[in-house]
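**Q** build the 3D model from these lines:
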Amino acid sequence: MMLRQLTSAFAFATVIAVAPAAFAAEKAQDFFTKAAAANQYEIETGKIAADKAVSPAVKEYAQKLVADYTKAKAELEAQVKVAGVNVMAPVLHNDQLKDIDNLIRANAQDLEKDFIKLQKDAHEDTIAMFKDYAKDGDNATLKTFAAKMVPDLENHLAQVEQLDKAR
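**A** So this is what the prediction gives:
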C-alpha cells in the first residue's frame, strides 16, 4: 500500500514537473490569431476615438494608433507568411466587439474616459502576450517579431498613461 502511494505521488510529481514545459510554447498560429485580433481592435477603437474625441491630445493619440497599427498589421502578416503560418482575417472577440459598440454609442466625454481605460488594459494584455511569445514561442521568426514590437507597445502604453494623468 505504501509503495503504491509513493509510486502514485512520484507519477503525479513527474506530471506536474513536466506539464509546464509541454504547454509553455505557444503555437505560432495561435499567436497570430491573438495578435491580429489585438491589432485590429486597436485600429477600430482608434478610428472611433479619432472621429469622436474632443480633446486634441486624445484625437492625436488615436490617429497615431491607427497609423502605427495599420503598419504593424502589414508587418505581422508579412512575418507570418515568412514563418509559414496561415494568414487569416482577424476575428475580434465578443468582449472586443462590445467595447467597440460601447465607444460608438458613447458621448464625447465618456468616450475619451472609456477609450483611455480600454487602451491601458489592451496594451498591458498585448505587451504580456508579446513578451510571452518572444520568450516561449515555437517559431523563431515570430519570436523575433514579437520581441521587436514590445518597445513600441510599451511606448503606446506610456503615452496613454500620460493622457490618463493629464485628464
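**Q** using the three-state scheme, assign Ala78.
**A** Secondary structure, DSSP: H, G, I helix; E, B strand; the rest coil: Ala78 is helix.
**Q** residues in contact with it?
**A** For Ala78, the contact set (Cβ atoms under 8 Å, 6 or more residues apart in numbering) is empty. Using the backbone N, CA and C atoms, a C-beta is placed for each residue, glycine as well.
**Q** and the pLDDT at it?
**A** Note for Ala78: predicted pLDDT of 96.
**Q** also the one 10 residues further on?
**A** The pLDDT attached to Met88 in the predicted structure is 90.
**Q** with Glu26 instead?
**A** At Glu26, the model reports a pLDDT of 74.
**Q** hmm, it is touching Asp132, no?
**A** Yes - here Glu26 reaches Asp132: they are 6.8 Å apart, a contact under Cβ atoms under 8 Å.
**Q** between these two, which one's more packed in?
**A** Between Glu26 and Asp132, counting by other Cβ atoms under 10 Å, Glu26 is the more crowded of the two (20 against 14).
**Q** what about that one, is that helix, strand or coil?
**A** What three-state DSSP gives for Glu26 is coil.
**Q** which ones are touching it?
**A** With Cβ under 8 Å, 6+ apart, Glu26 has these contacts: 132-133, 136-138.
**Q** the residue most central in space within the chain and Asp51, how far apart?
**A** Closest to where the C-alpha atoms of the chain average out (Cα atoms, centre = their mean) is Thr126, at 2.6 Å. Separation of Thr126 from Asp51 (Cβ to Cβ, to the nearest Å): 23 Å.
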